[in-house]
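Visitor: Below are the sequence and a predicted model for it; my questions follow.
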Amino acid sequence: MNKRLLDFSASDFLKVSPLELKQAILASEGRTIMAENVPSRLPYMGDAVTNAELERAAGADLILFNALDLFEPEIHGVPDDLSENPITWIKRATGRAIGVNLEPVDIDAPMNESRAEISIGRIVSPKTLLKANELGFSFICLTGNPGTGVSNNAILNAIKLAKKHFEGLIIAGKMHGAGVDEPVMNLEIAKKFIEIGVDILLVPAPYTVPYFMEQDLREIVDYVKDFNKGKTIEDKVLILTANGTSQDSSDQDTIKKIGLTSKACGADIQHIGDSFNGMCLPENIFALGQAIRGYRHQIIMLGRSNYR
């Protein structure tokens, strides 16, 4: 397959390999949107439709599940009589690539707040990584929810573990502090993740966390671009900028400012979070898409039938 993600149909998403997906994102030149949601929450519009379907309808190219226990996956809105793997059903229903957060909890990390305990089905381990393969996720995201105690050192070790046990793309980095007293991201942290072999480096989008501005993102992007020279797609690193600090529910001017700044600095993927009762406001996904790729690409992607 040799297509931009911008030109993908539903059938392309269902059959694409991890490296083909990575290449398609790179070829789309900063016009790919990843929308996050909490599938175990009651859907935004009730059980008649999943949040994943709503996000796809609003313009998401990639869907990221958050706070999903892989040993007891609960997805509200799927048919009650479903007999197949719910992830497979969601992939067919949306015609999109689906990923999941796995959290590298560091029990020794110095905390800025009380620690939030999470189930073992949400914590990265050989068993959850193998379960992610079994369920059919196209990618995993090694990151932390608020207060979970996920540290950058734990993420570094989790990348090594994931490369041994997971077959899809590996995204890694912190969207915010996750309760830990340490920098969220800087060039030195980025270098460690890149050198260990992450596929997609997650960094905060400018204006979403303190002390991380355009110049900080551009410094990391410039390093990545130099790192990628002469490498095959397998060894290249992409950059995802994350709007994961409840600013996914900001006004649309703020959404567009964050999006255009991230694109101008060189981000390959733009993430938008799930703070509005477990998903992003659909109108903000649409506003982000129209800002970074224009109405033409936005409406074509939304209009393509799942029969294609």
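Guide: Done, it's in. Residues are numbered from 1 along each chain as shown.

Visitor: Quick one: the helices in the stretch 151-300 of the chain, in order.
Guide: Ranges of helices within the stretch 151-300 of the chain are 152-165, 187-196, 214-228, 252-265, 282-303, based on DSSP state H, counting those that start in this stretch.

Visitor: For Leu70, find the nearest of those.
Guide: Leu70 sits nearest to helix 152-165 of all the helices of the stretch 151-300 of the chain, at 12.7 Å, using C-beta to C-beta. Quick note: C-beta positions are derived from backbone N, CA and C, even for glycine.

Visitor: Can you show me the CA trace of the closest one as PDB?
Guide: This file holds the C-alpha atoms of helix 152-165, laid out as PDB (Å, rounded to 0.1, in the frame of the first residue of the first chain):
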ATOM      1  CA  ASN A 152       9.400   9.000  32.200                       C
ATOM      2  CA  ASN A 153      11.800   6.400  33.400                       C
ATOM      3  CA  ALA A 154       9.000   3.900  33.600                       C
ATOM      4  CA  ILE A 155       7.900   4.800  30.100                       C
ATOM      5  CA  LEU A 156      11.500   4.200  28.900                       C
ATOM      6  CA  ASN A 157      11.500   0.700  30.300                       C
ATOM      7  CA  ALA A 158       8.000   0.100  28.900                       C
ATOM      8  CA  ILE A 159       9.100   0.900  25.400                       C
ATOM      9  CA  LYS A 160      11.800  -1.800  25.700                       C
ATOM     10  CA  LEU A 161       9.100  -4.200  27.000                       C
ATOM     11  CA  ALA A 162       6.600  -3.300  24.300                       C
ATOM     12  CA  LYS A 163       9.100  -3.900  21.500                       C
ATOM     13  CA  LYS A 164       9.400  -7.500  22.700                       C
ATOM     14  CA  HIS A 165       5.700  -8.300  23.100                       C
END
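
Visitor: ok, back up a step: so can I have JSON lines of the helices of the stretch 151-300 of the chain showing mean pLDDT, mean neighbour count and distance to Asn2?
Guide: Output for the helices of the stretch 151-300 of the chain, formatted as JSON lines (pLDDT from 0 to 100; neighbours: other C-beta atoms under 10 Å; distance: least, C-beta to C-beta, whole Å):
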{"stretch": "helix 152-165", "mean pLDDT": "98", "mean neighbour count": "19", "distance to Asn2": "26"}
{"stretch": "helix 187-196", "mean pLDDT": "98", "mean neighbour count": "16", "distance to Asn2": "26"}
{"stretch": "helix 214-228", "mean pLDDT": "98", "mean neighbour count": "16", "distance to Asn2": "19"}
{"stretch": "helix 252-265", "mean pLDDT": "98", "mean neighbour count": "19", "distance to Asn2": "23"}
{"stretch": "helix 282-303", "mean pLDDT": "96", "mean neighbour count": "18", "distance to Asn2": "18"}
